[in-house]
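1. predicted model, plus sequence, below.
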Amino acid sequence: MNSDTSFKPAFNYYKVGGSLSPEHPSYVKRQADEDLYASLKNGDYCCVFNSRQMGKSSLRVQVRRKLEEEEIRCTSIDMTTIGSSDYTAESFYAGITFELWSGFLNDVSNFYHWWEKHQFLSPLQRLSQFIDKVLLTKLTQSIVIFIDEIDNLIDREPKDEFLEFIRACYNQRADKLKYKRITFCLLGVVTPSDLKDKKEIPFNIGKTIELAGFKFEEAQQSLTKGLSQKVDAPEVVLQEILSWTGGQPFLTQKLCKLIVEKEESTNLNIDLIVQNYIIKNWEFYDDPEHLRTIKNRLLIDKTLAYKRLKTYQQILQNHHIDGDDDTEQIALRLSGLVVKQQGKLKVCNKIYENIFNQNWIEKNLALLPQPIETDINSELKSTKILNYSLLVPIAIILAIISLISLGFSYIVVESKPWNQAYNSNNIGAILECIRICFLLTLEVYVICSEFSEETIQLIQEKKLYLRRRVIYFVGFIFFLMLLFHHFWYGPHQLLGDNQVTTKEYFNQYLLPYICYFPYALINFIVIGVPLSGLSIHVVIEDCNHLSIRIRKYKNYLTQIINKIKQTSNILNLTTQNEIIEQLKQIYWDFSGKIKRPLNLLLGILILIYFDATFSRSTLSNSAYLWTQLFCIFGFMTPTIVLILWGLLAYQKNLEDTIGVLLNFNFVFNEIGNQYSTFNLLKKILMTNILFLTVCIICFLHTIYIIFKF
């Protein structure tokens, strides 16, 4: 640091959030600085894995500057800028290669020609050839590649392949000496287990750099300079600050900044400042966001949040527990809420302990679904509910029962009135067979693929007992209606005004309905009631999810506007890209939520068309009416509501985004075109097999009507 940094105004001395520049006076050098610098200079592959806002990016900036002073060439790749989770391998590797090209070579314009010239190679091979034939050939110095935000790679298709490529670069050192000049450093909110491939092979190369909180000896020189202009004993104040923050970098910088901004007296009360500006109304004062990030990370997955909070509750009550690498403990450590020291897990600092206290835990536990008694039972139950290998055989058995029921009612029982009413063309049983097979296939697909999580949620969560009771009640009512229809109303409707003996009534009118009853039971009770109840449940949950997402996004846009107005009237490129990335996430959220009920809706439309054209002659007027009403109100209405509401809500979000960008003179052609509501709907429909099937049916039916008349 330069000696003149002491004259920097205390108000601007500390920086809260974001990476610190190499010259920033409040940067605290830790043991990790020396470890990472020495390891990378030595050519070791390194991993810096920790929770958010622990100073990983600032560490990268500082170490990169020191390496470059040693004439080691460095560049950084931020994985959040390399497309999104849906990008193709071509786009992904092109983005990686472009970042490396622009980071190390001056002639960026030649990249596009080189990439196209090597199209005969796979995207990964092109990246490999660029490293081998271009980068390591043109550059003679050592090279360090920092890959930041590596956690953004986890859910992407090229993850395993890309990590294998990094491993291959390391292994190449044994055969090609030039590969000893290239070194990778991975940084992010992950654990080594997150980077396992599909074969459970861990990413076990590289040295793990431990990134701990600030110690007093490390922070004394950097942080006391800003405090010395405001307090009488800066070292004592710093010790009190660290006693509250536990050395957590973000909170330490924030508390230092609060002291120099808010406190007018040199004899300050730090406990009071922490209570008034951090703990009290913490969600309001949490700007830049830090505490809400921890909360969201703990609670975002409702199926896992209960166990995480229970584990955290044990730590809070016992002050520490034995640390291991189970899922809940790793999630707590990655949230930053707890730290592992000498094999024990404990709460990171007093601020977290006061905010995420026992009352907070109990309040949130009450809102979360309790898991099944043991993990094994929960896993077995989920498997039994959602496993194709179990549901498909059950569906086949139900189909066979339906076929037997149809066979007896249409063929075995020789009822002339029944066949005249529902089998005039001798294809009644065939049409009903097609109908039930389609419905069983649709049900298995929807439960296993589209609504799997919601199915588990609806069955297991205690807070949803009322919805389950409603479904049971509706199912019971329909069962009574089926009994009434098949054992009294249907036979009497078929009988009409005819006068027959009791034996003839049983054989010709009642017996076909008795045989048909298992088919109707499967059709309405086994398929209709669960699917309609599940579709309504999904609509409610998806609307809640999207509403929360919309509110968060609106708050985010409001914060951006206020932040820019307070600083300047210019929307910088970083903020522009951040807004676009946030909109992309909204785009994919809405796409996923709309696509799922759309598949069910299209399937039901196909069924309605089938009933209206082919099966109309096999259903009585009452059965046909009830079937149509059941489809319309049980399936179509809720799904259409969600789809239309989702599209309108997305359009409003898009308009809000464009409005923000328009106010700051940003060209938004990409957003207006690529992420328009029309393109959202087009993307959902054009890749949907059921939609294409509906289009083909409509086309063929139109041709049929034209030629008929």
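-> Arrived safely.
2. quickly note the distance from Ile606 to Ile143.
-> Distance from Ile606 to Ile143, counting by C-beta to C-beta, to the nearest Å: 57 Å. To be clear about C-beta, it is placed using only N, CA and C from the backbone, and glycine gets the same treatment.
3. repeat for Asn387
-> According to C-beta to C-beta, Asn387 stands 48 Å off from Ile143.
4. more crowded one of those two?
-> Ile143 (21 against 11; other C-beta atoms under 10 Å).
5. bridging residues for that one?
-> Taking DSSP bridges as the rule, Ile143 bridges to Arg73, Ile182.
6. wait, it touches Phe104, no?
-> Yes: shown here, Ile143 and Phe104 form a contact pair, counting by C-beta atoms under 8 Å, at 7.1 Å.
7. hey, what's in contact with both of those two?
-> Arg73, Leu135 (C-beta atoms under 8 Å, 6 or more residues apart in numbering).
8. name the nearest residue to the residue nearest in space to the middle of the chain, ignoring sequence neighbours.
-> Residue closest to the average C-alpha location in the chain (C-alpha atoms, centre = their mean): Asp589, at 8.1 Å. With sequence-adjacent residues excluded and distances taken as C-beta to C-beta, 6 or more residues apart in numbering, Asp589 is closest to Arg549, at 5.6 Å.
9. count the neighbours of that neighbour for me.
-> Arg549: 17 surrounding residues under other C-beta under 10 Å.
10. in three-state terms, label it for me.
-> helix (DSSP: H, G, I helix; E, B strand; the rest coil).
11. distance of it from Trp114?
-> Relative to Trp114, and taking C-beta to C-beta, Arg549 is found at 41 Å.
12. just Ile72 next, same as before
-> 25 Å.
13. ok, and for the helix or strand that contains Leu391, which residues are buried?
-> Taking DSSP states H and E as the definition, Leu391 sits inside helix 388-407. Going by neighbour count (16 or more other C-beta atoms under 10 Å), the buried part of helix 388-407 is Leu391, Ala395, Leu398, Ala399, Ile401, Ser402, Leu403, Ser405, Leu406.
14. which non-adjacent residue is nearest the first one?
-> In other words, Leu391. Leaving aside its chain neighbours, Leu391 sits nearest to Val444 (4.9 Å; criterion: C-beta to C-beta, 6+ apart).
15. tell me which element Val339 falls in.
-> Counting by DSSP H and E, Val339 is part of strand 338-341.
16. contacting residues around that strand?
-> With contacts defined as C-beta under 8 Å, 6+ apart, strand 338-341 is touched by 212-213, 246, 312, 315, 323, 329, 332-333, 345-348.
17. and the helix or strand containing the residue nearest to the centre of the chain, what does it pack against?
-> Using DSSP H and E, Asp589 sits within helix 573-613. Judged by 3 or more C-beta pairs under 8 Å, 6 or more residues apart in numbering; DSSP states H and E, helix 573-613 is in contact with helix 428-445, helix 529-567, helix 621-631, helix 637-663, helix 669-674, helix 677-686, helix 689-708.
18. gap between stretch 30-38 and the chain center?
-> Computed by C-alpha atoms, centre = their mean, to the nearest Å, the chain-centroid distance of stretch 30-38 equals 34 Å.
19. same check, this time on stretch 508-528
-> Stretch 508-528 has its average C-alpha position 42 Å from the chain's average C-alpha position, going by C-alpha atoms, centre = their mean.
20. for the record, mean pLDDT for it?
-> The pLDDT scores in stretch 508-528 average 89.
21. thinking again about what came up before, now do the contacts for the residue nearest to the centre of the chain.
-> Residues counted as contacts of Asp589 (C-beta under 8 Å, 6+ apart) are His545, Leu546, Arg549.
22. that one and Glu157, how far apart?
-> 19 Å.
23. and for Ile579?
-> As judged by C-beta to C-beta, Ile579 and Glu157 stand 26 Å apart.
24. okay, the two: which has more neighbours?
-> When Ile579 and Glu157 are compared on other C-beta under 10 Å, the one with more neighbours turns out to be Ile579, at 22 against 13.
25. tell me, how many residues neighbour the nearest residue to Phe610 once chain neighbours are set aside?
-> Nearest non-adjacent residue to Phe610, counting by C-beta to C-beta, 6+ apart: Arg435, 6.5 Å away. The tally of other residues near Arg435 (other C-beta under 10 Å) stands at 22.
26. just Lys15 next, same as before
-> If you count neighbours by other C-beta under 10 Å, Lys15 ends up with 18.
27. likewise for Ser91?
-> 15.
28. and if you look at the one 10 residues further on?
-> For Trp101, the count of nearby residues is 21 (other C-beta under 10 Å).
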